[in-house]
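Undergrad: Structure for the following, please:
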Amino acid sequence: MIDLTIQSRKGRCGFAAVLAILFLGLITAMTVAMYALATANVQTTRNLAETEKARAAAESGLRWMAWRFVHLNRPRTPVGSIDVSVAAVLWPSIRSAIQTDLASMTTPGERTATVTTGSVTSARIAVDDRPSRFVIRVSQHPLFAGDALDQRFLHVTSTGTFGQSQRTLSMDFQIDKKVKFAIVGKVPIQLGRNTLVEGPIGMPTLGKYPPILALSDFRNLRPSLTSRIDAFNNFLKAHHKGYDGRVSVFNAAESAAAQRAGFCDTNGDNFIDEQDLFLAEFDLNCDKRITTQEFTNPSTGKLYDANLFSAMDSLGAPMFAGDPQRMGYRDGLIDNSDGYAKVSGQEFLGTTVQAWNDNLAGQGKAIGDMMQGPVVPPDANASAVKFGAGSTDIFDLSPANFDTSGFRARTGPQNGASAKTPSVITNTVLAALDANGGTASERTPYGSTTYQATYSRPVFRNITFKNCRISKGLNALFDNCKFEGVTYVELEANITSGSTTTTSASAGMTWSKLMKTGSFNASTALTSGNSWGFARGNNLRFNDCVIEGPIASDVPSAYTHFANSWEFTGATRFDNKQDQTATIIAPQTNIEMGSFTDPKDAPSTLVGVVVSGNIDIRGTSVIDGSIIVTGDGAGNTTLGWFGASDSDTDPIAMPEGGYGRLNVRYNPTRAMPDGINVPVDILPLVNTYREGAE
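TA: A predicted model of the protein is given here:
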């Protein structure tokens with residue numbers, strides 16, 4: 001018989017080996033697959049990392065170019081509003097400026113730029129010591145047929161690379177021309193009580209102190225509040241780093257120290273400042289707002305300071321027709337919706353902290369004593385005050401950069417036929433013979449206890465002037481007059497010291513005091529017969545007048561103090577219906593607005609730019625534009641009421657009717673007037689940021 005068992009076993013020999021081989025093959029395949037997958041994952045991760053680094057390089061390039069646009073030598077133009085034709089003319093100079101700027105790069109290989117008619121392209125620029133690189137290309141719109149943007153816009157692409165990865169980002173920039181300051185000037189700036197500024201402030205001049213002086217808006221309302229504010233300011237000087245007048249609740253150490261000292265964030269805006277003390281003083285029902293009833297003095301039945309209440313409630317006014325009104329605007333309540341700050345904007349000062357402290361040495365004062373009230377920069381990451389500010393921060397304020405000839409051409413016979421009636425004078429160069437009110441002898445500044453000179457003036461009363469020119473040496477008083485269209489004031493442009501033209505303000509004072517007969521005395525009435533300063537300058541006073549258009553003047557080579565000085569007193573008001581780009585263009589003239597005795601006088605709205613050699617405003621006014629001070633001879637620019645003397649710095653007693661109020665607001669929507677020869681701006685349009693070249 002055959003043994004089937006043995007035969008069956010022989011038939012299954014090697015089957016296990018086959019299975020083993022199959023499993024080994026499967027495991028090997030899986031291992032290879034897993035290895036390939038892992039390798040691919042590593043490569044994918046690397047690719048993603050390189051792609052992100054390339055994108056970061058492109059982002060760095062865009063930011064780098066935006067910074068270069070601020071600091072490169074941009075072309076100048078006297079044209080105020082940049083239109084398509086002006087932008088087309090400017091483009092070759094902008095392109096050349098970019099090329100020149102790139103040629104200054106530290107690394108030689110990054111200096112070469114490729115230039116075509118419509119674009120300039122940089123070399124590959126390193127981000128840091130890693131392989132990241134970016135290439136910038138700047139082109140002028142339009143880029144293609146049907147492009148919605150015109151020559152006023154530049155298209156910037158930034159192509160970043162890292163390894164084998166490449167990414168491109170792009171953004172548009174606009175060629176424009178803006179002042180970008182609410183207040184900017186060559187002399188120290190004083191902000192009185194109830195003077196609120198919305199926009200940046202700039203004072204670049206070295207060696208003039210204090211470069212800015214800001215008084216508390218709340219300090220004199222009640223004795224108890226005065227004590228609290230003084231204690232808070234002392235706390236800031238001792239414990240706070242910075243000069244913004246406020247403590248962030250997110251600064252754990254400073255916030256804890258403030259709370260231990262008894263100060264807290266009463267209004268819940270995440271900062272501890274004077275407004276919290278003000279709120280705690282008057283918010284009787286603790287609802288984080290102050291009503292007119294709560295702010296009423298029970299002894300008098302009147303508001304403690306109606307002007308302050310109005311100034312705070314009027315912050316954030318619409319900038320143009322159709323601009324949406326902010327919540328809480330003029331609603332009769334003071335709360336967080338008003339966005340109160342003494343200065344809502346960054347301050348740019350030419351001096352350094354050390355230099356200012358050195359100047360204060362021995363006076364028993366600190367920088368914090370000069371700067372009271374909160375300063376709130378628009379960028380939370382920016383410092384409230386930039387010390388050591390230079391030419392890239394503040395534009396050139398030289399009077400030579402201002403050309404007023406365009407305003408002159410809009411006045412006098414050059415503008416049209418002259419005509420005169422007893423009540424209306426049109427297109428005329430005014431002379432003393434046109435005066436209808438006799439003469440008046442008065443001191444200047446009018447009403448000041450520290451007057452500089454006395455003038456014998458021809459008087460014009462109850463006359464409407466249309467596009468008239470005020471002749472040099474007129475030195476008139478205009479009483480209850482109206483000025484329509486453009487008014488132009490003639491001045492001696494060539495200020496001399498001996499026989500040499502001078503730009504010195506001290507020489508300008510000597511020039512103002514030159515006498516034809518006798519010697520100068522502030523109490524002696526100056527006339528065309530006895531004074532060269534009288535004959536060559538124009539010291540004018542506008543009392544109870546309405547001014548419905550710009551006032552401009554010639555541009556003397558030097559600031560001449562009282563010889564070229566205009567005062568706007570009584571109920572004089574500006575109501576500019578003619579030209580919204582400017583109210584005053586008088587680069588070397590001293591301007592005095594308001595009363596030394598009654599801050600309620602002269603309520604006005606000054607629109608566009610206000611250019612002066614110096615300006616003091618003591619009334620109840622709104623500046624909807626920018627104040628530009630080009631002169632360097634005055635002691636300070638005074639905004640707000642400081643008392644009966646122009647040398648006062650801190651009035652203690654409140655005058656009858658309050659301190660008045662000033663709301664100064666930079667308005668970027670207003671075009672600049674022609675004749676201001678400063679560099680154009682190249683401003684980013686952040687809403688055009690995108691990935692890709694187009």
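
Undergrad: Check what pLDDT Gln259 gets.
TA: pLDDT, the model's per-residue confidence, is 97 for Gln259.

Undergrad: Now it: phi and psi?
TA: When read as degrees, to the nearest 10, the backbone of Gln259 gives phi -70, psi -40.

Undergrad: Ala317 now?
TA: Here is the backbone geometry of Ala317 (degrees, to the nearest 10): phi -70, psi 150.

Undergrad: So what's the gap between the longest helix along the chain and the chain middle?
TA: Longest helix of the chain, by residue count under DSSP state H: helix 15-71. Centre-to-centre, helix 15-71 and its host chain are 51 Å apart (C-alpha atoms, centre = their mean, to the nearest Å).

Undergrad: strands paired with the next helix or strand after that helix, and their directions?
TA: Sequence order places strand 76-77 as the next helix or strand after helix 15-71, per DSSP states H and E. Looking at strand 76-77 with DSSP bridges, its partner strands are strand 678-679 (antiparallel).

Undergrad: What average pLDDT does the partner strand get?
TA: Rounded mean pLDDT across strand 678-679 is 92.

Undergrad: same thing with stretch 321-340?
TA: 96.

Undergrad: okay, how far is it across stretch 351-367, tip to tip?
TA: 12 Å (C-alpha to C-alpha, to the nearest Å).

Undergrad: try stretch 201-215
TA: End to end - C-alpha to C-alpha - stretch 201-215 spans 15 Å.

Undergrad: Flag every buried residue along it.
TA: 201-205, 208-215 (16 or more other C-beta atoms under 10 Å). For glycine as for every other residue, the C-beta is placed from the backbone atoms N, C-alpha and C.

Undergrad: Include secondary structure when you put the residues you listed into TSV, please.
TA: TSV is the format used below for these (DSSP: H, G, I helix; E, B strand; the rest coil):
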residue	secondary structure
Ile201	strand
Gly202	strand
Met203	strand
Pro204	coil
Thr205	coil
Lys208	coil
Tyr209	coil
Pro210	coil
Pro211	coil
Ile212	strand
Leu213	strand
Ala214	strand
Leu215	coil
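
Undergrad: now the residues you listed as JSON lines including distance to Val686?
TA: Output for the buried residues of stretch 201-215, formatted as JSON lines (distance: C-beta to C-beta, whole Å):
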{"residue": "Ile201", "distance to Val686": "24"}
{"residue": "Gly202", "distance to Val686": "24"}
{"residue": "Met203", "distance to Val686": "29"}
{"residue": "Pro204", "distance to Val686": "28"}
{"residue": "Thr205", "distance to Val686": "33"}
{"residue": "Lys208", "distance to Val686": "37"}
{"residue": "Tyr209", "distance to Val686": "38"}
{"residue": "Pro210", "distance to Val686": "36"}
{"residue": "Pro211", "distance to Val686": "32"}
{"residue": "Ile212", "distance to Val686": "30"}
{"residue": "Leu213", "distance to Val686": "35"}
{"residue": "Ala214", "distance to Val686": "31"}
{"residue": "Leu215", "distance to Val686": "36"}
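
Undergrad: and Ile290, what does it touch?
TA: 278-279, 282-283, 333-335 (C-beta atoms under 8 Å, 6 or more residues apart in numbering).

Undergrad: residues contacting the nearest residue to Met509 once chain neighbours are set aside?
TA: Of all residues not flanking Met509 in the chain, His561 sits nearest, at 5.0 Å (C-beta to C-beta, 6 or more residues apart in numbering). Listed by C-beta under 8 Å, 6+ apart, the contact set of His561 reads 452, 505, 508-509, 512, 590, 633-634.

Undergrad: Now flag whichever of those is closest to Ala238.
TA: Set against Ala238, the nearest of the contacts of His561 by C-beta to C-beta is Ala634 (34.2 Å).

Undergrad: Tell me which helix or strand the spatially closest residue to that closest one that is not a sequence neighbour sits in.
TA: Leaving aside its sequence neighbours, Ala634 sits nearest to Asn614 (C-beta to C-beta, 6+ apart; 3.6 Å). According to DSSP H and E, Asn614 maps onto strand 604-617.
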